[in-house]
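A.B. asks: okay, predicted coordinates and the sequence, questions at the end:
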Amino acid sequence: MASDIHLSLDDVSLAKGEARLLDSVILTLERGRFHALLGPNGAGKSSLMRILYRAEKADRGKIVLDGRTLEDWPRRAYAARVGALVQESVMLAGLSLIEVVRLGLLPLGLDHREARNRIDEALELVGLSGRARDDAGHLSGGEQQRLFFAQLFALDPEIYLLDEPHNHLDLHYQYRLLEAVRARGRTVLASFHDLTLATRFCDSAILLDKGRVVGAGPLAEVLTAERLASVYRVSGSIGGGVVDIRRAL
């Protein structure tokens, strides 16, 4: 039903020089569902994410959030509704963990007490409450990823955009934080290289290859043996929610 569509893309394309990063992408995100964005390196996953969190502008096409085109959304109002965990490097030296998380709350304009409650709860959730006043520049890669999760949890937007959320995280925090995202019941679009994580957490999948959507729907219907061979160049199958990769092709 149209009322269940939270965000949609229609004929979205992006090119850099001669390289076509996205080619006539059409997709929809259903409200309250966890969507996997899949595809090999260079498929266009990060480019699509960058357009959705407004770090990049599409060459053509239409993006609609809650019935309003992207251009009709003021940046602050959009940032309050669509939050992202991104891959770009960020300089954190000189900022405490509290300050980093507080920066993510700016679109909401909260009073000090509510902001601090959200910050404390988010740092507790990601296991960093004991380091709240430390210099964020001294964190390891995995700790920084957890801090950015805390920033997103504190904001708790209507739509979570997660660009390879498992990066730098050990198994415990991969599952703990993705389970926490799923428990929020928000609309999620998460890009994965790890197909096992995708099958564990996602309701549906969008498969990109060379900038085009080549499959969308339930994971078992998207990750067919034929697509695993043509897109990922592996021999494998999916069954019972598990991807079985037998060999590279």
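C.D. replies: Perfect, I can see it now.
A.B. asks: who touches Val25 in this structure?
C.D. replies: 9, 11-13, 44, 48, 61, 208, 211-213 (CB atoms under 8 Å, 6 or more residues apart in numbering). Just so you know, the C-beta spots here come from the backbone N, C-alpha and C atoms, and that holds for glycine as well.
A.B. asks: what's the helix or strand for it?
C.D. replies: strand 19-30 (DSSP states H and E).
A.B. asks: could you do Ser8 as well?
C.D. replies: Going by DSSP H and E, Ser8 is part of strand 5-16.
A.B. asks: related to what we said a few turns ago, ranking the contacts of Val25 by neighbours, who comes first?
C.D. replies: In terms of neighbours by other CB atoms under 10 Å, those top out with Leu48 at 28 neighbours.
A.B. asks: show me the contacts for it.
C.D. replies: Leu48 touches 9, 12, 22, 25, 37, 208, counting by CB under 8 Å, 6+ apart.
A.B. asks: look up how far Pro40 lies from it.
C.D. replies: As for Leu48, its distance to Pro40 is 14 Å (criterion: CB to CB, to the nearest Å).
A.B. asks: quick one: the strands in the protein?
C.D. replies: Secondary structure of the chain (DSSP state E): strands located at 5-16, 19-30, 34-38, 60-65, 68-69, 82-85, 159-163, 187-191, 204-209, 212-217, 234-239, 242-248.
A.B. asks: can you tell which of those strands is closest to Ala136?
C.D. replies: Of all the strands of the chain, strand 82-85 sits nearest to Ala136, with 15.4 Å by CB to CB.
A.B. asks: from the contact counts, what lies against that closest one?
C.D. replies: With contacts taken as 3 or more CB pairs under 8 Å, 6 or more residues apart in numbering; DSSP states H and E, strand 82-85 sits against helix 45-52, helix 141-155, strand 159-163.
A.B. asks: same thing but at 6 Å, please
C.D. replies: Other elements packing on strand 82-85 under the criterion 3 or more CB pairs under 6 Å, 6 or more residues apart in numbering; DSSP states H and E are helix 141-155, strand 159-163.
A.B. asks: pick the most deeply packed of those.
C.D. replies: Highest mean neighbour count among the helices and strands packed on strand 82-85 (mean count of other CB atoms under 10 Å): strand 159-163, with a mean of 24.
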